[in-house]
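K.L.:
after the sequence you'll find the predicted model.
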Amino acid sequence: MFDEVIEKIKKVENGFKEIEREADLIFKNYSVEDCFALAKEFYLSDFYQVRSLGVFICGSISSRLKEALVFLKERVSLDESWQVQEILAKAFDTYCHGTGYENALPVIKEWLNDSNPNVRRAVTEGLRIWTGRDYFKQNPGTAIGLLSNLRDDKSDYVRRSVGNALRDISKKHGEVVAAELQSWDLSNKSVLQVYKLAGKFLSR
């Protein structure tokens with residue numbers, strides 16, 4: 001039934017918009033339960049493009065089906081494809097949007113404290129630009145605080161995402177970011193790395 005879609009998706013070499021469009025069509029035309037079944041089936045593929053289709057679908061239904069969110073966190077976060085990890089970040093943002101960013105705060109904090117760096121980065125990267133999202137737009141200090149908690153993260157991959165996310169926020173909330181950065185211990189090399197990224201636009 002989906003053979004043509006799968007063959008088309010396999011050929012996508014750059015970007016994700018075409019994959020996202022196909023996921024959206026499936027989401028609009030099938031029940032939540034059927035979408036989840038299809039997503040898990042697509043995720044069995046050897047092609048990262050087809051797995052990404054499944055991840056997009058899970059993101060679309062995750063605010064309505066807890067099992068889809070669990071699948072993203074426990075299964076997709078282990079995927080070795082960096083492309084799939086990028087889609088995981090987008091899927092998590094879709095979950096937060098569907099739930100409401102303030103309502104999603106407990107899950108955001110849970111994911112930020114997970115032992116898997118891919119789970120943590122799904123949040124730090126997925127919600128960029130954080131202060132462009134509802135709730136964080138009115139509460140930039142909350143976003144800055146959540147991100148800053150990861151300034152000494154064990155993963156360079158996560159730290160770079162944190163630094164870049166804080167840099168983004170500093171464009172409109174420079175004073176708040178600067179105040180946070182002033183409290184950091186820069187003798188720690190990991191913290192210093194994030195500090196340099198986060199403060200890129202503050203010295204201008």
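P.N.:
Looks like it arrived, so ask away.
K.L.:
need the contact partners of the lowest-mean-pLDDT helix or strand in the chain.
P.N.:
Every helix and strand of the chain was ranked by mean pLDDT, DSSP states H and E. The lowest is helix 3-10, at a mean of 94. With contact meaning C-beta atoms under 8 Å, 6 or more residues apart in numbering, helix 3-10 is reached by 18-19, 22, 42, 45, 47, 49-50, 53. For the C-beta atoms, the positions are set from N, CA and C on the backbone; glycine is no exception.
K.L.:
CA atoms only for the helix or strand that it is followed by - export them in PDB, please.
P.N.:
Going down the chain from helix 3-10, the next helix or strand is helix 17-29, by DSSP states H and E. Only the C-alpha atoms of helix 17-29 are listed here, as PDB (Å, rounded to 0.1, in the frame of the first residue of the first chain):
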ATOM      1  CA  LYS A  17      10.700  18.500   3.800                       C
ATOM      2  CA  GLU A  18       9.400  15.800   1.400                       C
ATOM      3  CA  ILE A  19       9.600  13.200   4.100                       C
ATOM      4  CA  GLU A  20       7.700  15.500   6.500                       C
ATOM      5  CA  ARG A  21       5.000  16.100   3.900                       C
ATOM      6  CA  GLU A  22       4.400  12.400   3.500                       C
ATOM      7  CA  ALA A  23       4.300  12.000   7.300                       C
ATOM      8  CA  ASP A  24       1.700  14.800   7.500                       C
ATOM      9  CA  LEU A  25      -0.500  13.200   4.900                       C
ATOM     10  CA  ILE A  26      -0.500   9.900   6.800                       C
ATOM     11  CA  PHE A  27      -1.200  11.700  10.100                       C
ATOM     12  CA  LYS A  28      -4.200  13.500   8.500                       C
ATOM     13  CA  ASN A  29      -5.700  10.400   6.900                       C
END
